[in-house]
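**Student:** Can you look at this prediction? I've put the sequence above it.
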Amino acid sequence: MRFNLLLAAVIAFVVLAAGSVILPDWAMFLFAMALAKGLVCLGIVGMMRGGVVSFGQGLYYCLGAYTATLVANNFGVSDIFLLTLLSSAVCLLVGMAFGPLLSSYRGIFFAMLSLALSMVLYGSLSKMSFIGGTDGLNIAAPTFLGWAPEGRPLQMALYIYVVAIVVIAGVLMRIYFDSERGLLTLATRDNELRVEYLGASVRNVMTYNYVFGAVLGGIGGTIAALALGHVDPEFAFWTTSGEFVFVAILAGSLSVPSVFVAAIILELVRSFSNLYFPNTWQLALGIFLLAVIVVLPKGLGSLVSRRKGSPA
């Protein structure tokens, strides 16, 4: 099983990385942004498997982006590996602080509390004029272990880096989903009381899922900031978090690759709708999402599940 997973990961990396040769710059940028957002959505899917949905992942998306930007601007750190590591560490600590609190809540209470935390960050950053306020901050192009590419080589390097992170994160989360704690997450969604009777801690299970979501959100935010070259408080706004939830619902909780497929589809639909229907692109996007939800209520991942004959 592990061998098949690793083989699939290698094939996925090779196929996706090959896109850096054939895709134009705009497409590489679009895919890089979609995959970065897909990382955030993967964290939401991990929580959805436990029966809760976070409407506040913009908190970690924004926190990761601002951490990378402030470190780069104030300390001259430009290496993308180091910036990703630092952002992940900050989001890990914040997630460990909030995780035990939120793990006690379910349903609308969990969703609204997570959203409230994200909006607190948005409001705070908007008032902090010394770090750009509502205008945000710019961040210089990253380097790669001392290599400082420019132009198309930079776009290619950033795209391949995102693909590598996505493949690694996807493999690790698939292993986690299939582990004992990951299966306990599914059991928690179905019957928390029985999980407690088995001697497992539901609160610990939910905390782990929340912390993993925080780290993935921070990595996604870091990559997005470096790709855009700019970060602003809108990264933490409720509409941003809502977009992540839409992608998670579109993907479903049955398949890891479907999360990134859904993120790419949403980005493509939004971009082309905005291009061809500039005044009504939100309507076109909404109709598309509703159609997918009606046809595939369990998300895109249900297509793979049906083919394999697996119930979940």
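**Tutor:** Perfect, thanks for sending it.
**Student:** Report the next helix or strand after the helix or strand encompassing residue 4 in sequence order.
**Tutor:** Assessed by DSSP states H and E, residue 4 sits inside helix 2-17. Per DSSP H and E, the first helix or strand lying C-terminal to helix 2-17 is helix 19-22.
**Student:** Can you give the contact residues for that following helix?
**Tutor:** Helix 19-22 has contacts (CB atoms under 8 Å, 6 or more residues apart in numbering) with 27-28, 31, 156, 159-160, 163. The C-beta positions use only the backbone N, C-alpha and C, and glycine is treated the same way.
**Student:** Using JSON lines, please lay out those residues together with neighbour count, distance to residue 186 and pLDDT.
**Tutor:** Formatted as JSON lines, the contacts of helix 19-22 follow (neighbours: other CB atoms under 10 Å; distance: CB to CB, whole Å; pLDDT from 0 to 100):
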{"residue": "27", "neighbour count": "15", "distance to residue 186": "36", "pLDDT": "91"}
{"residue": "28", "neighbour count": "21", "distance to residue 186": "36", "pLDDT": "93"}
{"residue": "31", "neighbour count": "23", "distance to residue 186": "31", "pLDDT": "94"}
{"residue": "156", "neighbour count": "18", "distance to residue 186": "39", "pLDDT": "94"}
{"residue": "159", "neighbour count": "23", "distance to residue 186": "34", "pLDDT": "95"}
{"residue": "160", "neighbour count": "19", "distance to residue 186": "34", "pLDDT": "96"}
{"residue": "163", "neighbour count": "23", "distance to residue 186": "29", "pLDDT": "96"}
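**Student:** List the ones among those residues that fall in helices.
**Tutor:** 27-28, 31, 156, 159-160, 163 (DSSP state H).
**Student:** can I get these in a markdown table with distance to residue 121?
**Tutor:** Listed next are the ones in helices among the contacts of helix 19-22 as a markdown table, based on distance: CB to CB, whole Å:
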| residue | distance to residue 121 |
| --- | --- |
| 27 | 32 |
| 28 | 30 |
| 31 | 27 |
| 156 | 33 |
| 159 | 28 |
| 160 | 31 |
| 163 | 29 |
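**Student:** For the stretch 101-250 of the chain, which segments are assigned as strands?
**Tutor:** Counting by DSSP state E, counting those that start in this stretch, the stretch 101-250 of the chain has strands at residues 137-138, 230-231.
**Student:** and residue 37, which of these is closest to it?
**Tutor:** strand 230-231 (14.3 Å; CB to CB).
**Student:** What mean pLDDT does that closest one get?
**Tutor:** For strand 230-231, mean pLDDT is 94.
**Student:** Can you name every helix or strand that that strand contacts?
**Tutor:** Under the contact definition 3 or more CB pairs under 8 Å, 6 or more residues apart in numbering; DSSP states H and E, strand 230-231 sits against helix 58-75, strand 137-138.
**Student:** what do you get if the cut-off is 10 Å, keeping everything else the same?
**Tutor:** helix 58-75, strand 137-138, helix 202-228 (3 or more CB pairs under 10 Å, 6 or more residues apart in numbering; DSSP states H and E).
**Student:** from memory residue 273 sits against residue 281, does it?
**Tutor:** Yes: between residue 273 and residue 281 there is a contact at 3.8 Å, judged by CB atoms under 10 Å.
**Student:** could you dump the strands of the stretch 101-250 of the chain to TSV with mean neighbour count?
**Tutor:** Below are the strands of the stretch 101-250 of the chain laid out as TSV (neighbours: other CB atoms under 10 Å):
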stretch	mean neighbour count
strand 137-138	16
strand 230-231	22
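**Student:** Distance to residue 244 for these - can I get that in JSON lines?
**Tutor:** Formatted as JSON lines, those follow (distance: least, CB to CB, whole Å):
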{"stretch": "strand 137-138", "distance to residue 244": "22"}
{"stretch": "strand 230-231", "distance to residue 244": "16"}
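**Student:** Of all those, which one comes closest to residue 76?
**Tutor:** Among those, strand 137-138 sits nearest to residue 76 (CB to CB), with 14.6 Å.
**Student:** can you give me how far that closest one is from the chain middle?
**Tutor:** 21 Å (CA atoms, centre = their mean, to the nearest Å).
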